[in-house]
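**Q** Below: sequence and its predicted model.
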Amino acid sequence: MELEFYRRNSLFRLIDTERNIVLESPSDLHNINTNDEVYDDEDLQFSPSMSSSPYITTMLTLMPPPSPESPWTLSPHQTPSPSLLYQCIASLYRPEGSISSIAVSKQQGVVFAGSESTRIHVWRQPDHNEYGCLKATSGEVRAIAVHGNMLFTAHKDHKIRMWNFTVTDHIFKSKKVSSFPKTSSFTLFSRFTNTKQQHKECISCLAYYQTDGLVYTGSHDRTVKAWRLITNHCVDSFVAHEDNVNAIVVNQDDGCVFTCSSDGSVKIWRRVFRENSHTLTMTLKSQFPNSHHPVNAIALNTSSNSCFLYSGSSDGTINFWEKEKLTHRFNHGGFLQGHHFSVMCLVAIEKLIFSGSEDTTIRVWRREEEGCFHECLAVLEGHRGPVRCLAACLEIDKVVKGFLVYSASLDQTFKVWRVKVSPEERMGLNSYMDRRNNGIDAM
């Protein structure tokens, strides 16, 4: 079975070998200046629509000749075809370590990246010039969230830092506003403060809820905490799962909190009216019999007439649930198959879902306008290690929609992809049924 194949063959066994190849052969990661470059449609890579399949072919490509002006590299171009246009427009190799978190502020045109170091790097969209970095006293920034001109970062010392930033005339300015929880300056009370408010293990994820001014953090200590920004105090803390909390998402429309865990479950929480406490409303699990694979990532896709929740598991599947309009319950709609190994990160934007995997690829999925049918539009290849984190934003909102996608891998590279999606026609099953009704056999 596919699941048994996954358990026996984890790609992590190959990572050390690949990392040694990268470190011993730095010439494989050449540099080319991408500043002020213009990419026409014929420069982009096209991909036909494809049905999801568990079979994946990983292709390692060679990079263009080096250029000393920029640390970025440009991917080669490949064969065109009609459904979706995409290209890796830039790639950065980081010898100091891999990036563990990415956040994009489309409003300010800024990209943030956290890593094992104490610096949070900042790049400008879309030319990838580096603005500089934010410096903290603690490293291992595993989670980043951005809202407006506020940035939230979670660090190795189990604290959250809040920053304000502005971009004026291409000049980036930032200032750390606060860090919480605060440790008492009195040794007698210091331990009490940490025990009551601070996470006991690393913070793995965080999310911001604008309406109530709350920051939610999830941790490997199995708890979720809610922090009120006005006071920087923890207003609620509860044990959310039986294992590590891996991801957290907040629905900005109604304040529902979604969490996923290594215990194989996705849970939905709601804050009690006029109180700070939270209550569990639903527990969602994979529909596979006896399947308890860790859930590594979740993503929420909301619009005026629909709401979908996606979860990525260590068996390579992506489950999704649709929210009923009357009962507000989430019903399981199906699952997407295609990745060979664990799904490590998810991003949902418009009707597209981007999934990054341990199999080194990024898949682009599109949901039908009305209904639960999904199709895989493309498989983005280029990383040599597991894709650890993703971020995306809308670049062009016209007839042809354009997206900028940012990916970071354990191969210590950070890549920028430009994706253009043609207007949605009749997808998958509808198109197939039309051909059958017209007496045309599917090839």
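**A** Arrived safely.
**Q** switch to C-alpha atoms for all contacts and neighbour counts from now on
**A** Noted.
**Q** Chain neighbours aside, what residue packs nearest to Ser311?
**A** Leaving aside its sequence neighbours, Ser311 sits nearest to Ile298 (C-alpha to C-alpha, 6 or more residues apart in numbering; 4.3 Å).
**Q** Please, which helix or strand holds that neighbour?
**A** strand 295-302 (DSSP states H and E).
**Q** Could you list every helix and strand in contact with the helix or strand containing Phe112?
**A** Element membership for Phe112 (DSSP H and E) is strand 110-115. If contacts are counted by 3 or more C-alpha pairs under 8 Å, 6 or more residues apart in numbering; DSSP states H and E, strand 110-115 sits against strand 99-105, strand 119-124, strand 143-147.
**Q** go with 6 Å
**A** strand 99-105, strand 119-124 (3 or more C-alpha pairs under 6 Å, 6 or more residues apart in numbering; DSSP states H and E).
**Q** Please name the strands paired to the last one in the sheet, noting orientation.
**A** When pairs are called by DSSP bridges, strand 119-124 turns out to pair with strand 110-115 (antiparallel), strand 130-135 (antiparallel).
**Q** before we move on, back to that, grab the CA positions of the strand holding Phe112 and hand them over as PDB.
**A** Taking Å, rounded to 0.1, in the frame of the first residue of the first chain, the C-alpha atoms of strand 110-115 are listed here in PDB:
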ATOM      1  CA  VAL A 110       7.800  43.200   2.100                       C
ATOM      2  CA  VAL A 111       8.900  39.600   2.600                       C
ATOM      3  CA  PHE A 112      10.100  38.400   6.000                       C
ATOM      4  CA  ALA A 113      12.100  35.200   6.600                       C
ATOM      5  CA  GLY A 114      13.100  33.700  10.000                       C
ATOM      6  CA  SER A 115      15.800  31.100  10.500                       C
END
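**Q** neighbouring contacts of that strand?
**A** Strand 110-115 has contacts (C-alpha atoms under 6 Å, 6 or more residues apart in numbering) with 99-104, 120-125, 140-141.
**Q** so where do the helices sit in the chain?
**A** In the chain, the segments counted as helices under DSSP state H are 2-8, 12-24, 187-197, 428-437.
**Q** residue closest to the middle of this structure?
**A** Leu390 (3.5 Å; C-alpha atoms, centre = their mean).
**Q** Give me the pLDDT value at the closest residue to that one other than its chain neighbours.
**A** Spatial nearest neighbour of Leu390, chain neighbours left out: Ser407 (4.6 Å); criterion: C-alpha to C-alpha, 6+ apart. Ser407 is assigned a pLDDT of 98 by the prediction.
**Q** Same check on Arg191?
**A** Arg191 carries a pLDDT value of 46.
**Q** Same question for Lys156.
**A** For Lys156, pLDDT reads 93.
**Q** Repeat that for Gly139.
**A** 81.
**Q** how close does it sit to Ser407?
**A** The gap separating Gly139 from Ser407 is 20 Å, by C-alpha to C-alpha, to the nearest Å.
**Q** and the two? which has more neighbours close in?
**A** Ser407 (24 against 18; other C-alpha atoms under 10 Å).
**Q** Tell me which residues touch that one, please.
**A** Cys389, Leu390, Phe414, Lys415.
**Q** measure the last one to Gly402 for me?
**A** It stands for Lys415. 17 Å.
**Q** So if I had to pick from these two, which one is more boxed in?
**A** Remark: of Lys415 and Gly402, Lys415 carries more neighbours, 22 against 19, as counted by other C-alpha under 10 Å.
**Q** what residues are up against the more buried one?
**A** Applying C-alpha under 6 Å, 6+ apart, the residues near Lys415 are Ala90, Ser91, Tyr406, Ser407.
**Q** Compare those and tell me which is most surrounded.
**A** Neighbour-wise, these (other C-alpha under 10 Å) top out at Ser91, 28 neighbours.
**Q** Bridged to it, which residues?
**A** Going by DSSP bridges, Ser91 forms beta bridges with Thr73, Lys415.
**Q** pretty sure Gln337 contacts Thr317?
**A** Yes - applying C-alpha atoms under 6 Å, one finds Gln337 in contact with Thr317, separated by 5.2 Å.
**Q** neighbour count winner among those two?
**A** Thr317 (23 against 17).
**Q** tell me the pLDDT at the more buried one?
**A** Value for Thr317, per-residue pLDDT: 95.
**Q** Roughly how far does it sit from Asp253?
**A** From Thr317 to Asp253 the distance is 27 Å (C-alpha to C-alpha).
**Q** The strand holding Ile298 pairs with which strands?
**A** strand 307-313 (antiparallel).
**Q** Identify the residues contacting Ser174.
**A** Asn164, Phe165.
**Q** so Gln412 makes contact with Glu96?
**A** No - using C-alpha under 6 Å as the test, Gln412 is too far from Glu96 to be in contact (8.1 Å).
**Q** So between these two, which is more surrounded?
**A** For the pair Gln412 and Glu96, the greater number of neighbours falls to Gln412 (22 against 10), based on other C-alpha under 10 Å.
**Q** Count the neighbours of the residue lying closest to the more buried one once chain neighbours are set aside for me.
**A** Nearest residue to Gln412, sequence neighbours excluded (C-alpha to C-alpha, 6+ apart): Ser98, at 4.2 Å. The number of residues packed near Ser98 is 20, by other C-alpha under 10 Å.
**Q** His278 too?
**A** 17.
**Q** Give me the distance between it and Ile248.
**A** 14 Å.
**Q** just for this protein, where's the confidence low?
**A** Counting by pLDDT under 70, the chain shows low-confidence ranges at 1-83, 184-196, 288-290, 424-443.
**Q** rerun at 50
**A** The model of the chain has pLDDT under 50 over residues 1-44, 46-70, 74-81, 186-194, 426-443.
**Q** quick one on the thing from earlier: just the closest of the contacts of Ser407 to Ala240, please.
**A** Cys389 (22.9 Å; C-alpha to C-alpha).
**Q** quick one: that closest one and Ala408 touch, right?
**A** Yes - the pair Cys389 / Ala408 is scored as a contact, 5.5 Å apart, by C-alpha under 6 Å.
**Q** Contacts for the strand holding Ile298, please.
**A** So strand 295-302 is in contact with 246-247, 260-262, 264, 307-313, 344-348, going by C-alpha under 6 Å, 6+ apart.
**Q** and if we set it to 7 Å?
**A** 246-247, 249, 260-262, 264-265, 307-314, 343-349 (C-alpha atoms under 7 Å, 6 or more residues apart in numbering).
**Q** got it, and stretch 236-252?
**A** Residues contacting stretch 236-252 (C-alpha under 7 Å, 6+ apart): 204-207, 209, 218-226, 256-263, 276-277, 296-299.
**Q** try 6 Å this time
**A** 204-205, 207, 218-220, 222-226, 256-263, 277, 296-297.
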